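Participant: got a sequence here, can you build the structure:
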Amino acid sequence: MGLKPSALAGWSLFVLLLFLSAFYRLTGHLLALPGAWGARVLVALAELIAYLGAAILLRRSARGLSLRRRKFAPPRVYGSFVLLTAVTTALGVFLLHVVLARMTGTGFRGLSALYPMLTRHATVPPGLTLLCLVVLPALVEEAFLRGPLFSLYESHGTAVAVLVTAVAMPMLAVYPSAAPALLLMGLVSGMLAYDTGALWPGMLTGILSRAALYAGDLIYASEALAGKTVFFVAAAALCFLVFLFSLLRCTEGLLKDEILEHFAKGPARAAENGWNALSAFGTLCFLVLYSIRLVSVL
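Facilitator: Purely as a prediction, here's the structure:
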């Protein structure tokens, strides 16, 4: 296509956000109808087409570019480190939403924070919700964000790739209520993508984190558990501390054995690398479109 990596990445983000914004704008009334199972299927289908289509097109467009990617990391990284990271992140996302619920006084919002347009307490089979709002979105988002998009931004340094793709994750979700959880998930998934050179660790992290939010929705909506949610929160906090301690010990050992590497530097200074990555006209269009969309939903 003759575009630089940052320009190609910026235009792909703009087109993807344009598609998702148009979809949510045109189907807003349909998604809020009581027949919530159909709305969930429609959302899953839209995200599947948008993210997977963008990943395929971007990979084809960038075929002629020389993109630097790490080789597959040693087997140890694929074991306890990935699992500990994914579980710790999922527990952290759940506790983050508990804290946000306390601060805002709006009640716990799990998946409803990611998809506020859907009927919140609709009777929907759990399996359908898990498939449409947990598994499929986590798979296709990682396939795009930590796939070809990450590779394009990695030409400006690993830190730029991790930060830009992490920030883009909640921005593509359109609704600002999704920002805290998706930003945390994006940062962790970006670091895992660099450490392992693979997509599945980020996909696992996304699935477990979304599942934790859905579990929180079920717990807080259950009449049988009314008044007992504090015990679940306490158990989650205890498990989070245990897993976090284990993760820190595991990370310390991997760094000591030089299995985990420091971020690769870009071709220039950090500030210049960031500016070069974000100064493309396509990225500016993406930011303008997001600002317009943000104002319209507030």
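
Participant: determine the longest helix present in this structure.
Facilitator: helix 229-256 (DSSP state H).

Participant: and Val99, how many neighbours?
Facilitator: Neighbour count for Val99, taken as other C-beta atoms under 10 Å: 11. The C-beta positions use only the backbone N, C-alpha and C, and glycine is treated the same way.

Participant: what pLDDT does the model give Leu187?
Facilitator: Reading off the confidence values, Leu187 has pLDDT 96.

Participant: count residues in the vicinity of the closest residue to it other than its chain neighbours, would you?
Facilitator: Distances taken as C-beta to C-beta, 6 or more residues apart in numbering place Ala166 nearest to Leu187, at 4.5 Å, with adjacent residues excluded. By other C-beta under 10 Å, 21 other residues sit near Ala166.

Participant: low-scoring stretches of this structure, by residue?
Facilitator: 1-2, 28-36, 63-78, 119-122, 226 (pLDDT under 70).

Participant: start to end distance for stretch 151-159?
Facilitator: Chord length of stretch 151-159, first to last residue, is 12 Å (C-alpha to C-alpha, to the nearest Å).

Participant: residues in contact with it?
Facilitator: For stretch 151-159, contacts defined as C-beta atoms under 8 Å, 6 or more residues apart in numbering pick out 5-6, 8-9, 58, 62, 65, 67-69, 160-161, 164-165, 194, 263-267, 270, 273-274, 276-277.

Participant: same question, stretch 10-30
Facilitator: Identification of contacts with stretch 10-30 by C-beta under 8 Å, 6+ apart yields 3, 31, 39, 42, 46-47, 50-51, 54, 57-58, 117, 144, 149, 168, 171-172, 174, 278, 280-286, 289-290, 293.

Participant: what of stretch 271-283?
Facilitator: 4, 6-14, 153, 156-157, 159-160, 163-164, 266-268.

Participant: for stretch 183-201, same thing?
Facilitator: 69-73, 77-78, 81-82, 85-86, 89, 92-93, 96, 142-143, 145-147, 150, 154, 158, 161-163, 165-170, 202, 205-206, 209, 260-261, 263.

Participant: distance between the host helix or strand of the residue nearest to Leu187 and the chain's centre?
Facilitator: Assigned by DSSP states H and E, Ala166 belongs to helix 158-172. Centroid separation for helix 158-172 versus its chain: 9 Å, with C-alpha atoms, centre = their mean, to the nearest Å.

Participant: please begin residue numbering at 30 from this point
Facilitator: In the new numbering, first residue 30, that becomes helix 187-201.

Participant: coming back round to it: out of the contacts of stretch 180-188, list just those in helices.
Facilitator: Judged by DSSP H, these include 34-35, 37-38, 87, 189-190, 193-194, 223, 299, 302-303, 305-306 as members of helices.

Participant: which of the residues you listed sits closest to Leu159?
Facilitator: Ranked by distance to Leu159 (C-beta to C-beta), the ones in helices among the contacts of stretch 180-188 are led by Thr194 at 24.8 Å.

Participant: contacts only, for that closest one.
Facilitator: Contact partners of Thr194, counting by C-beta under 8 Å, 6+ apart, are Leu174, Arg175, Leu178, Phe179, Tyr182, Gly215, Gly219.

Participant: ok, the fourth one - contacts?
Facilitator: Read it as Phe179. Ala190, Thr194, Gly219, Ala222.

Participant: from Val259, how far out is the second one?
Facilitator: Here Thr194 is placed at a distance of 36 Å from Val259 (C-beta to C-beta, to the nearest Å).

Participant: again, but for the first one
Facilitator: The span separating Ala190 from Val259 equals 40 Å under the rule C-beta to C-beta.

Participant: ok, these two, which is more surrounded?
Facilitator: Counted by other C-beta under 10 Å, Ala190 and Val259 do not tie: Ala190 has more neighbours, with 27 against 9.

Participant: and for the chain, the residue most distant from the center?
Facilitator: Using C-alpha atoms, centre = their mean, the residue of the chain lying farthest from its centre is Ala253. It sits 32.0 Å away.

Participant: what about Leu159, how many residues nearby?
Facilitator: Leu159: 16 neighbours (other C-beta under 10 Å).

Participant: and Leu277, by the same measure?
Facilitator: Other residues close to Leu277 by other C-beta under 10 Å number 12.
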